[in-house]
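A.B. asks: give me the fold of what follows.
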Amino acid sequence: SIDWLLTNRLSDFNTEWNTTYRNLPLFSKLLPLLDQQNSNISHADVLTAKYLLIANNIPSIELSNNIIDDLFKASPKELPYIFRAIGVVLRQVQTTNEDRYKLIESSINVFNEIDHRTPVYWPCLTMFCQAISSSITDITVSNILSEWFTHMFERSKHVSGIMNVLLESIVPIWLHERRIQSSHLSIVVECVIFGQTYQKDKKQQWQAEQLVEQDESVRLLIAQTHITPEYRYDRNVRTLMQLFLLHMWPLLHNVQQNEIIMQIIEKHRLLASKERRPRFCTNSLEHRIMFRALQCLLCLTSIIQDSSLLQIIYDYVVETLIRENEPSLRLLSEWILVRLISQDRTTRLNDLYGYLQDAHRYRTGAVCAWISISSHMTNLLTDRMDQVSL
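C.D. replies: Residues are numbered from 1 along each chain as shown. Sure thing, here's the model as predicted:
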């Protein structure tokens, strides 16, 4: 019977039904019953069944029209199913831009109410990211998604698993479309200097794993849609994002490339201007952010072709090297300058000679850095040794 099907065989809805079975009389009878009050069927079962039907592309105008209302009624345990259905509706050609905006806005409002410290957060996050992935390059929803991305960074902070789920859904779309919205560039910059992971997150990791293992419906749903949620915290967000940035860099417009570089430099400059606390170099978020910003600049100098961008990096790193007294940050600055000088020997070798002549004006660390750079250049440029004087 219909009642038995809804209450006892919900796991069967997780399978992707063959298209030849989607017009069977059973489903034509089932759809109208889902919107009727029935004391024998729980609200949770009705919601789950309705949106598994939508997710499997079984058409029903009535189901789609009520999706926002049901979104606010659903519990966190039911939300993964509804988010999956919303993803289907967002991909449908007949969905207007206005409806698409309303669906995403409502989904964000509902999702933001879920406590990220609870295990049900992870299945919801995974399905929500999958739902919005098809709209990630849609100009009409670009601003609202950018605001949500920023909110997620502020909310997740050190919980790298949250960012992994987000990136696993977004990055493939960027790669497929071969473009990034300019309003999303801040996401890329934030990821390449992402913060640390703390031990206390292991409890949340364990709770999330237990939820998926114990809840058959959630486990089957995730398995059937080929989604691998991020319950582990051992993935390196920054390294993955740097590789992605290197891959996408030639496809970015000059304005976008310039904005990324300036955002990275600004993050470093903001912290460099602050007064440093004791033990800055051993246990400091400020130190890690500055180090990662320079690390990203070093990474990008291998692929940047725009001479004006390279000059911006060169000028800023020289400024950093002169004032920096922290060995780890100074060492990265040295390697950036070695690479840039070797790329433009004519001008920058003369600059290096000038900095060496004026070395007595700088602090000891800067003097050592210029001498170190010179020693590297003598090994790299044996044919121009007359321009490198120690």
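
A.B. asks: give the closest residue to I265 in space, chain neighbours not counted.
C.D. replies: Y316 (5.3 Å; C-beta to C-beta, 6 or more residues apart in numbering). Quick note: C-beta positions are derived from backbone N, CA and C, even for glycine.

A.B. asks: mind checking pLDDT for the one you found?
C.D. replies: According to the prediction, Y316 has pLDDT 93.

A.B. asks: which helix or strand contains it?
C.D. replies: Assigned by DSSP states H and E, Y316 falls within helix 307-323.

A.B. asks: now do the buried residues in that helix.
C.D. replies: Within helix 307-323, the residues scored as buried using 16 or more other C-beta atoms under 10 Å are 309-310, 312-314, 316-318, 320-322.

A.B. asks: from the residues you listed, which is closest to A74?
C.D. replies: L309 (47.9 Å; C-beta to C-beta).

A.B. asks: contacting residues for that closest one?
C.D. replies: Neighbour list for L309: 257-258, 261 [criterion: C-beta atoms under 8 Å, 6 or more residues apart in numbering].

A.B. asks: apply 6 Å and report the result again.
C.D. replies: L309 makes contacts with I261, as judged by C-beta atoms under 6 Å, 6 or more residues apart in numbering.

A.B. asks: how close does it sit to E168?
C.D. replies: 30 Å (C-beta to C-beta, to the nearest Å).

A.B. asks: against L71, how distant is C191?
C.D. replies: Distance, C191 to L71, using C-beta to C-beta: 29 Å.

A.B. asks: again with Y121
C.D. replies: Counting by C-beta to C-beta - Y121 and L71 are separated by 16 Å.

A.B. asks: same question for I187.
C.D. replies: For I187 relative to L71 (C-beta to C-beta), the value is 25 Å.

A.B. asks: please export the C-alpha coordinates of stretch 245-256 as CSV.
C.D. replies: Provided in CSV are the C-alpha atoms of stretch 245-256 (Å, rounded to 0.1, in the frame of the first residue of the first chain):
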residue,chain,number,x,y,z
LEU,A,245,45.0,28.7,-8.7
LEU,A,246,48.1,27.7,-10.8
HIS,A,247,45.8,25.7,-13.1
MET,A,248,43.3,28.5,-13.5
TRP,A,249,45.7,31.5,-13.7
PRO,A,250,46.1,31.6,-17.5
LEU,A,251,42.3,31.7,-17.8
LEU,A,252,41.8,34.7,-15.5
HIS,A,253,41.5,38.2,-16.8
ASN,A,254,44.3,40.7,-16.1
VAL,A,255,42.0,42.6,-13.7
GLN,A,256,41.3,39.4,-11.8
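
A.B. asks: tally of neighbours for L167?
C.D. replies: A count of nearby residues for L167, using other C-beta atoms under 10 Å, gives 21.

A.B. asks: what is the host helix or strand of it packed up against?
C.D. replies: Element membership for L167, per DSSP H and E: helix 160-177. Using 3 or more C-beta pairs under 6 Å, 6 or more residues apart in numbering; DSSP states H and E as the contact criterion, the elements in contact with helix 160-177 are helix 121-133, helix 237-248.

A.B. asks: elements contacting the first one?
C.D. replies: To tie it back to what came earlier, the one meant is helix 121-133. helix 79-91, helix 160-177.

A.B. asks: so which bits of the first one are buried?
C.D. replies: The reference is to helix 79-91. Per 16+ other C-beta under 10 Å, helix 79-91 contains these buried residues: 79-90.

A.B. asks: which SSE is immediately downstream of that helix?
C.D. replies: Counting by DSSP H and E, what follows helix 79-91 is helix 97-111.

A.B. asks: point out where the stretch 201-350 of the chain drops to low pLDDT.
C.D. replies: For the stretch 201-350 of the chain, the stretches with pLDDT under 70 are 201-237, 239-240, 277-284.

A.B. asks: where along it do the strands fall?
C.D. replies: Taking DSSP state E, counting those that start in this stretch as the test, none of the stretch 201-350 of the chain falls into strands.

A.B. asks: now do the helices in it.
C.D. replies: Listed in chain order, the helices found in the stretch 201-350 of the chain under DSSP state H, counting those that start in this stretch are 201-214, 216-224, 237-248, 254-272, 285-300, 307-323, 327-343, 345-357.

A.B. asks: out of the ones you listed, nearest to H151?
C.D. replies: With C-beta to C-beta as the measure, helix 237-248 is the member of these nearest H151 (17.3 Å).

A.B. asks: tell me what the closest one is packed against?
C.D. replies: Helices and strands touching helix 237-248, by 3+ C-beta pairs under 6 Å, 6+ apart, are helix 160-177, helix 185-192.

A.B. asks: just put those in CSV and tack on mean pLDDT and distance to L251.
C.D. replies: Below are the helices and strands packed on helix 237-248 laid out as CSV (pLDDT from 0 to 100; distance: least, C-beta to C-beta, whole Å):
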stretch, mean pLDDT, distance to L251
helix 160-177, 72, 9
helix 185-192, 77, 13
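
A.B. asks: export those helices to TSV and tack on distance to R100?
C.D. replies: Formatted as TSV, these follow (distance: least, C-beta to C-beta, whole Å):
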stretch	distance to R100
helix 160-177	15
helix 185-192	20
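
A.B. asks: and the angle for the helix holding L167 with helix 185-192?
C.D. replies: 130 degrees (axes from the mean of the first three to the mean of the last three C-alpha atoms, to 10 degrees).

A.B. asks: is it true that I336 touches L300?
C.D. replies: No - between I336 and L300 there is no contact, the gap being 9.8 Å when judged by C-beta atoms under 6 Å.

A.B. asks: using CSV, write out the CA atom coordinates for the helix holding L167.
C.D. replies: In CSV, the C-alpha atoms belonging to helix 160-177 read as follows (Å, rounded to 0.1, in the frame of the first residue of the first chain):
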residue,chain,number,x,y,z
SER,A,160,38.9,22.9,7.6
GLY,A,161,36.4,20.1,6.9
ILE,A,162,33.7,22.7,6.2
MET,A,163,35.9,24.4,3.6
ASN,A,164,36.8,21.1,2.0
VAL,A,165,33.1,20.3,1.5
LEU,A,166,32.5,23.7,0.0
LEU,A,167,35.5,23.5,-2.3
GLU,A,168,34.7,20.0,-3.5
SER,A,169,31.5,21.3,-4.9
ILE,A,170,32.6,24.6,-6.3
VAL,A,171,36.1,24.0,-7.7
PRO,A,172,34.9,21.4,-10.3
ILE,A,173,32.3,23.8,-11.6
TRP,A,174,35.0,26.6,-12.0
LEU,A,175,37.2,24.1,-13.8
HIS,A,176,34.4,23.0,-16.1
GLU,A,177,33.3,26.5,-16.9
